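Colleague: Quick one: sequence and predicted model below, then my questions.
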Amino acid sequence: MSHDKEIMVKMYTTMNKIRMFESMLQEYFAAGKIPGFVHLYLGEEAVAVGACACLTDRDSITSTHRGHGHLIAKGGDLKLMMAEIFGKSTGYCKGKGGSMHIADVDLGILGANGIVGGGGPLATGAALAAKYRKTQDVTVCFFGDGASNQGTTQESLNLASAWKLPVVFVNENNGYGISCPQCKSMAVTDIADRAAAYDMPGVVVDGNDVLAVHEAVGEAVKRARRGEGPTLIECKTYRWRGHFEGDACTYRCVEELNEWMAKDPIPRFEEKLVESGLVTAAELEGIKAAVKKELDAALEFAQSSPLPELSALLEDVYA
Amino acid sequence: MSLAAIVANPASGKDIRRLVAHGSVFDNQEKVRMVRRLLLGLERAGVERVLYMPEGYGIVPRALNAIRPDMAVEALEMPVRNSQEDSIRAAEIMETLGVGIVVVLGGDGTSRAVCKGLTDTPVLPLSTGTNNVFPYMLEATVAGLAAGLVATGAVERETACVRSTALEILVDGEVADLALVDAAVYEDVFVASRAVWDMSKVSKLCLTRCRPDSIGLSAVGGQVELIRPEESRGLALELGPDAAERVVAAIAPGLFEEVGILRREIMEPGVLYPVGHSPCLVALDGEREVSVRRGSEAAIRLTVDGPWVVDVGRVMEAARTRRIFVR
């Protein structure tokens, strides 16, 4: 695993971007300023950041309904994302797609996705294209524990392995599919166990440890670039908020939430960074302040942008 | 009443060595089948009650879905945190309750956790992990039989067991942790995915045992020394790329490394072997575990007061000579 200061600082910066972005959305959604639904990524930042830090701009990701963290980690433009979520015409989808349809193909972001399990076939297809074109590019497929039970996901794992495609399946196991605890929807506790059925490596890592995720995904990406095929990496993590904003979370207890909040990935990383001597606590404070400024600018951009015109209603409609 | 105990770790056998090496995938359903056979062995040996560590997957309850042994099988009353602490805590409770043996299903890491919770209760470790130096690759039916004979007292501890040595890790004079097989000074500050496979970062290696046919970090020492677990000596190695003596060792499943040995010496019990620098990590039984902070002083010490480990062959030989199963 690289100890490059630049990579470490970038990971720390991006984790804070996600944390602040999502916290802002939480606040403005509660105030009724955001239309549609938002599914927040708070608490899971280490997974997206650790994984995307292993990728180049040429590599791709597929995301989920809880996609803001993945998109930010892959370099998504904060202003365009914020404007889109606020439903403004300056957003990624001109304000007509919202939280779950943001994509930026130039950055390798093949899209958030409103369909649970929708990312697997897209990622597998992208990886097939890369192999066909002999580009060495890798695709990371983010998917949740609920999606792991979908046929699309299992079919994708199967084909990716059968064709030795350069795709890394990064499972974010946060313990719940909407309100359904994992133990009620599957007979296994470790989704990584399923990799054996497809003859690919399956690994469990601490999804709240950005360095553990980074190391494991980094090895899987190297494997994929060597032409050795896909890997399934299960990241054990937890979402701090409900499935969506407004979810009363009656299906889980406060003690469980508190236990996971105590494993907050950001202070854990902070402590390791300072201890390693790579950065000082003062530098980290400076990073947080800079991120705050960037987020404030994104919020200002979104709030001051116009809504789409009524005349644009039928533009970009394909069906 | 004869009392045995089981700690079956649902998390063993799933770490990054399946990706960076070629580690086996040991799914939890296979652990269920092993526990089934283990319970039948315990029952056959005359055990009346079995306690087990509760965990998220329910390995023991699932094992009982298909068998109905004529003995009480009960979960310990303890919180489940799904961490290594569960195994330590379970072992402590089991010893307090007076179990005659603790059977462990897991790898070196699980065995280490359980042994941290025990003082003089015998342990029978069964491999479901990755490197498998401490635990046995053994049929659970026979392991159950042997464990049962120890739990019932049919074969006494001194006949059944060897007392293994262990390594204590001291940080600033205090014992911070314990290793059963190997303690490696790892030149990094990030624990990350825990496993050790980059030997260029291992500068020192202390071993309680080594033999040429083992796997994992102790395989390095195994190419130059033969030390049995119960011998009151260990091996300390200084490693480096410029060494004249180089050995090829299977440091993980399917993964060979050529390792340079700069210096080696026999470890005497009670003698401190300084880690030498900080910050760094000390990997215990193949996993990056102890952080030695900048300015701290760490050392490794061999102790002869390690775990009592059941030797299944000795137990079954005692059973044969005592005609325990001859009707």
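Modeller: Nice, thanks for sending it over. Keep in mind that this is a model prediction, so the values were computed, not measured. Residues are numbered from 1 along each chain as shown, chains lettered A, B, ... in the order given.
Colleague: Tell me the residues on chain A that lie near chain B, please.
Modeller: In this structure, chain A approaches chain B at residues A:1, A:3, A:183, A:188-190, A:192-193, A:195-196, A:201-205, A:209, A:211-212, A:214-216, A:219-220, A:223, A:231, A:233, A:259, A:272, A:275-277, judged by C-beta under 8 Å from any C-beta of the partner chain. In this view, the C-beta of every residue, glycine as well, is placed from N, C-alpha and C.
Colleague: near chain A, which residues of chain B show up?
Modeller: Residues of chain B found near chain A, taking C-beta under 8 Å from any C-beta as the criterion, are B:10-11, B:14-16, B:18-20, B:25, B:27-28, B:56-57, B:81, B:188-194, B:279, B:291, B:293-294.
Colleague: Restricted to strands, list those.
Modeller: When the residues of chain B next to chain A are checked against strands (DSSP state E), the matches are B:Ser291.
Colleague: Could you tell me which of the residues of chain A next to chain B count as buried?
Modeller: Of the members of these, the ones counted as buried by neighbours, 16 or more other C-beta atoms under 10 Å in any protein chain shown, are A:1, A:188-190, A:192-193, A:195-196, A:201-205, A:209, A:211-212, A:214-216, A:219-220, A:223, A:231, A:233, A:272, A:276.
Colleague: can you give me the helices in the chain?
Modeller: Assuming you mean chain A. Taking DSSP state H as the test, the helices found in chain A are A:5-30, A:45-52, A:68-73, A:78-85, A:119-133, A:151-162, A:182-185, A:210-225, A:254-261, A:265-276, A:281-304.
Colleague: not what I meant, chain B
Modeller: Secondary structure of chain B (DSSP H): helices at B:17-20, B:28-44, B:59-63, B:84-96, B:108-116, B:140-152, B:157-160, B:218-222, B:312-321.
Colleague: Throw the helices of chain A into TSV and include mean pLDDT, thanks.
Modeller: Written out in TSV, the entries for the helices of chain A read as follows (pLDDT from 0 to 100):
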stretch	mean pLDDT
helix A:5-30	97
helix A:45-52	98
helix A:68-73	98
helix A:78-85	98
helix A:119-133	98
helix A:151-162	98
helix A:182-185	92
helix A:210-225	97
helix A:254-261	94
helix A:265-276	94
helix A:281-304	98
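Colleague: looking at those, which is closest to B:Ile88?
Modeller: Nearest to B:Ile88 among those is helix A:254-261; the distance by C-beta to C-beta comes to 17.8 Å.
Colleague: in the closest one, what counts as buried?
Modeller: Residues of helix A:254-261 classed as buried under the neighbour-count rule (16+ other C-beta under 10 Å) are A:257, A:260.
Colleague: ok, residues contacting it?
Modeller: By C-beta atoms under 8 Å, 6 or more residues apart in numbering or on different chains, the list of residues contacting helix A:254-261 from outside reads A:43, A:208, A:238, A:240, A:249, B:81.
Colleague: I'd like the distance between the last one and B:Ile251.
Modeller: Translated: B:Arg81. Relative to B:Ile251, B:Arg81 is positioned 31 Å away (criterion: C-beta to C-beta, to the nearest Å).
Colleague: next one: A:Ala195
Modeller: A:Ala195 sits 23 Å away from B:Ile251, going by C-beta to C-beta.
Colleague: Show the residue spans covered by the strands in the stretch 151-300 of chain B.
Modeller: With DSSP state E, counting those that start in this stretch as the criterion, the stretch 151-300 of chain B has strands at B:161-163, B:166-171, B:174-179, B:182-186, B:202-207, B:234-239, B:245-252, B:255-267, B:272-274, B:280-284, B:287-292, B:298-303.
Colleague: I appreciate the help and will end here.
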